[in-house]
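*Asks:* my questions are about this predicted structure, shown below with the sequence.
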Amino acid sequence: MLKSEFLKLKRSHIFFPVFLLPLLSAFMGSGNYWMNTEILKDGWYDLWTQYTLFFSFFFYPTMSAVYSAYLCRMETLHNNWKTILSSPISVCSFYITKLIVLLSLMLCSLCFLFFLYGISGNIIFDLPNLFPKEAGLWFLGSIIATIPLATCTLFLSILIKSFTVPIGVAFVGGISGLFFLSKDIPYLNPFSLIPLAMNSNNSNPLSVAEYGILTASACFFTFIFGTLSIILIKRKCR
C-alpha cells in the first residue's frame with residue numbers, strides 16, 4: 001500500500017507546496033536579514049532566526065495540514081472509510097502508511113529549507129564557516145518535533161470532513177504555539193515543539209535535559225493522536 005500511496009502523489013500537484021513554502025520562507029528570511037544587517041550581528045544564528053520565524057509558526061503547521069487533508073481526501077470526500085475493511089491490510093497499517101507518506105513530504109520541505117539556508121549563508125551573504133555547528137541539532141530536533149505535528153494534523157483530517165477546516169485549525173495552532181512558547185510552556189502544545197526545536201527565537205542551543213523533555217513530549221503527543229486516529233478510523237469503518 002505504501003508504494004501505491006507514493007504513486008498517487010506522482011500524478012498530483014502536492015509537491016508544489018513542498019518546495020514553494022520553504023522557498024517563500026527563505027526569500028522572506030533572507031530579505032529581513034539583508035535589510036537589518038546593521039542590527040543583526042550574529043551571522044548564521046540571526047539568519048536562521050529570520051528563516052524559521054514564519055516557517056516554524058505558520059508555514060510548516062499549515063503545510064502539514066494541507067498534506068494531511070490531501071492524503072485523506074479520497075476517504076473523506078466519498079466516505080470510503082468502510083473500504084478499508086475489505087482491503088487486505090489492517091486499520092493500523094493503513095494509518096501508519098498515511099503517516100509515513102505525510103512525514104516524507106514534511107521532511108522533504110524541511111531538508112529543502114536547510115539547503116536554502118546553507119546556500120544563502122555561503123553564497124549570498126558570505127558568512128564565515130560552512131555551516132553553524134548547532135545546525136545538526138536543529139535538524140535532529142526538527143525531525144523529532146515533526147512527528148507529533150504530523151500525527152496531530154492527520155488526526156484533524158480524519159476527524160473533520162472538510163478539506164479547508166483542518167488547515168485553518170492548524171494555522172490557529174501555529175499561533176497558539178507562539179503563545180505557549182512565550183509563556184515558557186512549549187512542551188504542552190505540539191505546535192510549539194517545532195519552533196522550540198528549531199531555536200527560532202534563540203541562538204542558545206537546547207540543553208541535553210531540554211532535548212530529553214522535547215523527545216518525551218513528542219512521544220506523548222504522537223501516542224495520543226496516533227491512538228485517537230486509529231480509534232476514529234475504526235469507528236468510521238463500521
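*Replies:* Yes, it's here. Numbering: from 1, shown residues only.
*Asks:* can you name the residues that contact Ser217?
*Replies:* By Cβ atoms under 8 Å, 6 or more residues apart in numbering, the contact set of Ser217 is Pro148, Tyr187, Leu188, Leu193. The way it works is simple: take the backbone N, C-alpha and C, and place the C-beta from them, glycine included.
*Asks:* same deal with Thr146?
*Replies:* Ser64, Leu103, Met106, Leu107, Leu110, Ile194.
*Asks:* touching, the fourth one and Leu140? I think so.
*Replies:* No - between Leu107 and Leu140 there is no contact under Cβ atoms under 8 Å: 12.0 Å.
*Asks:* more neighbours, these two?
*Replies:* Leu107 (16 against 12; other Cβ atoms under 10 Å).
*Asks:* where does that one land on pLDDT?
*Replies:* Leu107 is assigned a pLDDT of 95 by the prediction.
*Asks:* in the helix or strand hosting it, which residues are buried?
*Replies:* Applying DSSP states H and E as the criterion places Leu107 in helix 91-119. For helix 91-119, burial by neighbour count (16 or more other Cβ atoms under 10 Å) applies to 91, 94-99, 101-107, 109-110, 112-114, 116-118.
*Asks:* one more: stretch 216-224?
*Replies:* Buried, per 16+ other Cβ under 10 Å, within stretch 216-224: Ser217, Ala218, Phe221, Thr222.
*Asks:* run a quick check on the second one versus Ala150, I expect a contact.
*Replies:* No - under the criterion of Cβ under 8 Å, Ala218 is not in contact with Ala150, lying 10.6 Å apart.
*Asks:* spell out the residue ranges of the helices in the protein.
*Replies:* All helices of the chain, identified by DSSP state H, fall at 2-10, 15-35, 44-54, 60-71, 73-77, 83-86, 91-119, 135-159, 165-182, 193-198, 208-236.
*Asks:* state the distance from Val172 to Glu75.
*Replies:* With distances taken as Cβ to Cβ, to the nearest Å, Val172 is found 24 Å from Glu75.
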